[in-house]
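J.: Could you work out the structure for the sequence below:
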Amino acid sequence: MRVETRAPARVDLAGGTVDIWPLYLFHPGAQTVNIAVRSYASCTIETRADRRIVLWSRDQQVRESYESLTELALKKSRLPLLRELVLSFEPRRGISVKTGSQVPAGAGLGGSSALNIAICGALARVTGKRCTKTQLLEIAKNVEAIVIKVPTGWQDYFPALYGGASAVHLNRDGVKREKLPLSFADVEKRFVLCYTGMPRDSAINNWEVMKAHIDGDPKVRKNFDQITTIAVQMREALLAGDWNDVAELLALEWENRKRNFKGISTRRIDTMISETRKRGARAAKVCGAGGGGCVVFVVEPGSKAAVENTLLRLGGEILHFGVSRTGLEVRSNGSAPGREA
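T.: The predicted structure is shown next:
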């Protein structure tokens, strides 16, 4: 049996970091707003005639082989996320697992979560475990926390599972996704996505901010009150197609986010934002936790090429901002791709 999966990464527009439990419980109305983009993480699994477990990451150029699931459980791995997920699904026969990603390392696009969902989808199919999307999300979220050893947020798993544009509502009675019915053609004309060339460590940045919040830092808590309000308004602006408000809110989100932790912005990011304003960029913010990675820009109609050329001159790498209409896709034994229930 051969199973192939892929899941999209995302660009977060507002409300990030507050999606980490229990931060959102202190900010009524908390939500995150994001858009799935056509940069994919992928996983291929083939069953084997023996009991061997083979793990292979094309991106890290690491290949490991274990005689059995028991040996995998007893040994450490250079691919800890992949190891933990295989152990969680407990395949009854040998498998070869190969992963890859189009998302640059440390890009701030939720690439690790997209890969996580792609692996979970493939393992669920190959082991015959009938998991709902909610169950896949819980497994992915919990295993990632085990691996990185700090709390994880909710928002990155929803674009990977569902695609499109989402408002993830973070309430006392649960976390729920709202599909945002946007004109994706219009969205794609208005945004530019650039990788700065500097990876970042979201776990460290988010953990520092979370610790400050839990310790009662009044400035951080006030900033998150503002970020929560901005996210609510961002959802409304996108639904109304009010691009002036979208730009103003993106800039305001970035200003509030920078106050949380001194390493969130860098000199290169600041230069990119200031220089692109001269070429038609209305606003910008770092994707994810900051400190490097990708920056998303809202641009004036017709100025996308000029903004992209400026970023290239400054050493950035332009990533295509195309909306992924679908989330997790699963193909087995050459059948047509299908979305999981």
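J.: Tell me how this protein divides into domains.
T.: Listed by automatic domain parsing, the domain ranges of the chain are 2-180+324-336, 184-319.
J.: which one of those domains has the lowest average pLDDT?
T.: In terms of average pLDDT, domain 184-319 trails the rest of the domains of the chain, at a mean of 90.
J.: Next, the distance between the ends of that domain.
T.: Taking C-alpha to C-alpha, to the nearest Å, the first and last residues of domain 184-319 lie 17 Å apart.
J.: Now do that domain: distance to the chain's middle.
T.: Centroid displacement of domain 184-319 relative to its chain, using C-alpha atoms, centre = their mean, to the nearest Å, is 14 Å.
J.: Nearest residue to the residue minimising distance to the centre of the chain in space, ignoring adjacent ones along the chain?
T.: Geometric centre of the chain, nearest residue: Gly110, 1.8 Å, by C-alpha atoms, centre = their mean. In this structure, Gly110 finds its nearest non-sequential neighbour in Asp156, 3.5 Å apart by C-beta to C-beta, 6 or more residues apart in numbering. In this view, the C-beta of every residue, glycine as well, is placed from N, C-alpha and C.
J.: Kindly provide the distance from that neighbour to Lys141.
T.: 9 Å (C-beta to C-beta, to the nearest Å).
J.: So which of these two has more stuff around it?
T.: Set side by side, Asp156 and Lys141 show more neighbours around Asp156, with 31 against 19, by other C-beta atoms under 10 Å.
J.: how about the closest residue to Gly153 other than its chain neighbours, what does it touch?
T.: Once flanking residues are discounted, Gly153 sits nearest to Asp19: 3.9 Å by C-beta to C-beta, 6+ apart. Neighbour list for Asp19: Ala30, Thr32, Gly153, Trp154, Gln155, Val168, Leu170, Val175 [criterion: C-beta atoms under 8 Å, 6 or more residues apart in numbering].
J.: try 10 Å this time
T.: 12, 30-32, 34, 152-156, 158, 168, 170, 175, 206, 231 (C-beta atoms under 10 Å, 6 or more residues apart in numbering).
J.: Surely Met210 touches Pro151?
T.: Yes: under the criterion of C-beta atoms under 10 Å, Met210 makes contact with Pro151 at 6.8 Å.
J.: what's the longest helix in this structure?
T.: Scanning the chain for the longest helix, with DSSP state H as the assignment, gives helix 218-240.
J.: Brilliant, that's me finished.
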